[in-house]
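>>> below are the sequence and a predicted model; questions follow.
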Amino acid sequence: MVAVPTAPSVREANRYVPPVITGLVDLLDQQVRDRPGDPALVVTGGRVHLSYRTLAALADDVAARLGSAGLRRGDPVGLISANNAEFVVALLGAARAGLVVAPIDPTLPESQMSARLEALGAQAILLGLPAVGAATVAPPDIPTWTLRVELADGGMATATLDTGAPGARRRRGAAAELSDRDALVLFTAGTTDRAKMVPLTHANVAASIRGICATYELGPDDASVAVMPFFHGHGLLAGLLASLASGGCVLVPERGRFSAHTFWDDVRSVGATWFTAVPTILEILLERSAHEYPGPEVAPLRFVRSCSAPLNSATARALERTLGVPVLSAYGMTECSHQAASEPLPQHGKLKHGSVGRGTGVRLRVVDRNGHQCPAGTVGEVWVQGPTVTRGYLADPAETAHSFADGWFRTGDLGSLDEDGYLFLTGRIKSQINRGGEKISPEHVEDILAGFPGVAEAAVFAIPDATYGQRVGAAVVLLPEGENLGPDQILEYCRNRLSAFEVPDRLEVVAALPHTAKGALDRRAVEAQFAH
């Protein structure tokens, strides 16, 4: 288990102070000064510890190599790697060289990777160890440089990056819209070649990390297991960078991705005090907890964070009873540099079932279709304003004009604020089902379905209908103890908890539902598979 540092806890006497950073460039600096020998990462099957001093030295080595490779400050580079030491070293090294890093899902088909890299105008690709089953990366006309981190006993490590001769520069795609004020380009969730490109400045990143650290009072006596992929804002900003900025430790699973089979052993080995995940993963851990959860004496958690998809209340409460710690729902999106709201730690505010908490370093507003602010308790579109809100989308002025106005980001999410400023989400505007003029939130119906004993997961979608325009369809996955349940029993449960027009017109019991790479329900795939 990682030793607890002897430095005083930053949480003592409620005097928490977020880390002082300006972006990715100086993310490690305070920790290198204050606790250079403390573990920053735990990696590989051997669970090798990389100290802050070692991680910073590796990043500096990569930065020096990139600086002599013909790249200029503000140039975009793609980063394709599983969750591993190579990803972290490449990210921080490129940032220290003044480059703009675009992490890309390593499991995408080669055609989609190439399309994203071309649209970005990437000047080079940094290639780490691949994910299991990943496609071969061979985009045309873009130099591809492989990074390897070699680990030795005692936490010693070296980084090798063969950049070869400097390639010819080609200004293309969205590269001209970037500068060295930018830190990252993240692609919005989706599986198409046309995923939006969101630029995050170093100031955006710093504000996001400070907000996450302050919300959960993260400090050097915290440790976590990297559950979420680093190519997405959830895993990158909340799971990885907030931990490193605050002096904590992150264990990266051996295969570079979540494994329910090894998760609790990973938690135990690093002494994890928290972790963040999508609801699907939390449901898996809850389902297996009777046989695998080692107990609070071995897993010293103080809270669990849920984000990127709605967490139904039944799962949250069951997980809290099992783990004996609060499960805090958070609300985030790429355009807000991930986190915009979160339930507070219990000592700092109420925990309200069904809420995603209060704004964290941003202003939240709920407006009607005319842009007028809604009174408390009234549902409207959620808008966000603050230092984490990005400037728009690269190479997409029309969508930028539609979604960003006067410093506010129009999220496209429906929700309401209560009198205490807590946000309650009800769904996406675009995913609403219109059944004969009645507007139905799929997320709300899914929450009811998931609350039925024996149902593991639910998906709700629109079925085209000549009479009503759309009808409500549903597909559910059953737990082993619910294998004898039938659609009629589940629908009867719904009739007692939903309005008549919300009750699914058709319900199927299925073996599995499709998910995106970050673990959220893939609504496009659900519609293609079941809405016929």
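Happy to help now that I have it.

>>> tell me the contacts of the residue nearest the centre of the chain?
Here the mean C-alpha position of the chain is nearest to the C-alpha of residue 234 (C-alpha atoms, centre = their mean), at a distance of 1.7 Å. Contact analysis of residue 234 by C-beta atoms under 8 Å, 6 or more residues apart in numbering lists 228, 276, 278, 307, 308, 332, 338, 518. Any C-beta I mention is one placed from the backbone N, CA and C, and that applies to glycine too.

>>> looking at this, it is in a helix?
Yes: looking at residue 234 with DSSP: H, G, I helix; E, B strand; the rest coil, it is inside a helix.

>>> re earlier: same list as before, the contacts of residue 234 that is, but in JSON lines and with secondary structure, pLDDT and distance to residue 88 included.
JSON lines is the format used below for the contacts of residue 234 (DSSP: H, G, I helix; E, B strand; the rest coil; pLDDT from 0 to 100; distance: C-beta to C-beta, whole Å):
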{"residue": "228", "secondary structure": "coil", "pLDDT": "95", "distance to residue 88": "14"}
{"residue": "276", "secondary structure": "strand", "pLDDT": "98", "distance to residue 88": "17"}
{"residue": "278", "secondary structure": "coil", "pLDDT": "93", "distance to residue 88": "21"}
{"residue": "307", "secondary structure": "coil", "pLDDT": "96", "distance to residue 88": "21"}
{"residue": "308", "secondary structure": "coil", "pLDDT": "91", "distance to residue 88": "21"}
{"residue": "332", "secondary structure": "strand", "pLDDT": "95", "distance to residue 88": "21"}
{"residue": "338", "secondary structure": "strand", "pLDDT": "97", "distance to residue 88": "17"}
{"residue": "518", "secondary structure": "coil", "pLDDT": "75", "distance to residue 88": "18"}
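
>>> need the max-distance pair from those residues.
278 and 338 (13.2 Å; C-beta to C-beta).

>>> quick one, which of the two is more surrounded?
residue 338 (31 against 24; other C-beta atoms under 10 Å).

>>> so the more buried one makes contact with residue 238?
Yes: with contacts counted by C-beta atoms under 8 Å, residue 338 reaches residue 238, the gap being 6.0 Å.

>>> any common contacting residues for those two?
In contact with both residue 338 and residue 238: 212, 332, using C-beta under 8 Å, 6+ apart.

>>> show me the beta-bridge partners of residue 425.
Bridge pairing for residue 425 (DSSP bridges) gives the partners residue 415.

>>> distance of it from residue 413?
For residue 425, the distance to residue 413 equals 6 Å [C-beta to C-beta, to the nearest Å].

>>> strands of the stretch 351-500 of the chain, residue ranges please.
Ranges of strands within the stretch 351-500 of the chain are 358-359, 363-367, 380-385, 404-405, 408-417, 423-428, 433-435, 438-440, 455-465, 469-478, based on DSSP state E, counting those that start in this stretch.

>>> as a markdown table, those with mean pLDDT, mean neighbour count and distance to residue 270 would be great.
Converted to a markdown table, the strands of the stretch 351-500 of the chain look like this (pLDDT from 0 to 100; neighbours: other C-beta atoms under 10 Å; distance: least, C-beta to C-beta, whole Å):
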| stretch | mean pLDDT | mean neighbour count | distance to residue 270 |
| --- | --- | --- | --- |
| strand 358-359 | 98 | 22 | 30 |
| strand 363-367 | 98 | 18 | 34 |
| strand 380-385 | 98 | 22 | 33 |
| strand 404-405 | 94 | 15 | 39 |
| strand 408-417 | 96 | 20 | 34 |
| strand 423-428 | 93 | 20 | 32 |
| strand 433-435 | 90 | 18 | 43 |
| strand 438-440 | 87 | 17 | 43 |
| strand 455-465 | 93 | 21 | 28 |
| strand 469-478 | 94 | 21 | 31 |
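
>>> looking at the ones you listed, which is closest to residue 184?
Per C-beta to C-beta, nearest to residue 184 of the strands of the stretch 351-500 of the chain: strand 408-417, 16.7 Å.

>>> which residues touch the closest one?
By C-beta under 8 Å, 6+ apart, the residues outside strand 408-417 that reach it are 333, 335-336, 364-366, 374, 376-385, 389-390, 402-404, 423-430, 432, 441.

>>> looking at this protein, which helix or strand does the model trust least?
Lowest mean confidence among the helices and strands of the chain (mean pLDDT, DSSP states H and E): strand 438-440, at a mean of 87.

>>> list the contacts of that strand.
With C-beta under 8 Å, 6+ apart, strand 438-440 has contacts from 432, 433, 434, 472, 499, 501, 502.

>>> list the contacts of the last one.
Contact criterion C-beta under 8 Å, 6+ apart gives 438, 440, 444, 445, 472, 494 as the residues in contact with residue 502.

>>> closest to residue 90 among those residues?
Looking across those and measuring by C-beta to C-beta, the closest to residue 90 is residue 444, at 41.4 Å.

>>> sorry, back to before: just name the closest of the contacts of strand 438-440 to residue 162, please.
Of all the contacts of strand 438-440, residue 162 sits closest to residue 432, with 51.4 Å by C-beta to C-beta.

>>> what are the phi and psi angles of the closest one?
Dihedral pair for residue 432: phi -60, psi 140, per degrees, to the nearest 10.

>>> distance of the closest residue to it other than its chain neighbours relative to residue 381?
Distance criterion C-beta to C-beta, 6 or more residues apart in numbering; nearest residue to residue 432, sequence neighbours excluded, is residue 439 at 5.1 Å. Computed as C-beta to C-beta, the residue 439 to residue 381 distance reads 13 Å.

>>> where does the protein dip in pLDDT?
Low-confidence segments of the chain (pLDDT under 70): 1-14, 131-140, 155, 165-169, 189-193.

>>> tell me the domain boundaries of it?
What automatic domain parsing lists as the domains of the chain is 56-156+168-201, 431-530.

>>> of these, flag the one that's most buried.
Per residue and on average, the most neighbours among those fall to domain 56-156+168-201, with a mean of 20 (mean count of other C-beta atoms under 10 Å).

>>> ok, residue 316 - how many residues close by?
Residues lying near residue 316 (other C-beta under 10 Å) number 23.

>>> also the one 10 residues further on?
A total of 18 residues lie near residue 326 under the criterion other C-beta under 10 Å.

>>> in space, what's closest to it - neighbours in sequence excluded?
In space, residue 326 is closest to residue 303, 5.0 Å off (C-beta to C-beta, 6+ apart).

>>> what of residue 207?
residue 387 (3.8 Å).

>>> mind listing what that neighbour touches?
Neighbouring residues of residue 387 by C-beta under 8 Å, 6+ apart: 203, 204, 207, 361, 362.

>>> pretty sure the second one sits against residue 185.
So that's residue 204. No: if you go by C-beta under 8 Å, residue 204 and residue 185 don't touch, sitting 11.5 Å apart.

>>> for residue 289, give me phi and psi.
phi -70, psi -30.

>>> so it sits right up against residue 322, yeah?
Yes: with contact defined as C-beta under 8 Å, residue 289 counts as touching residue 322 (5.0 Å).
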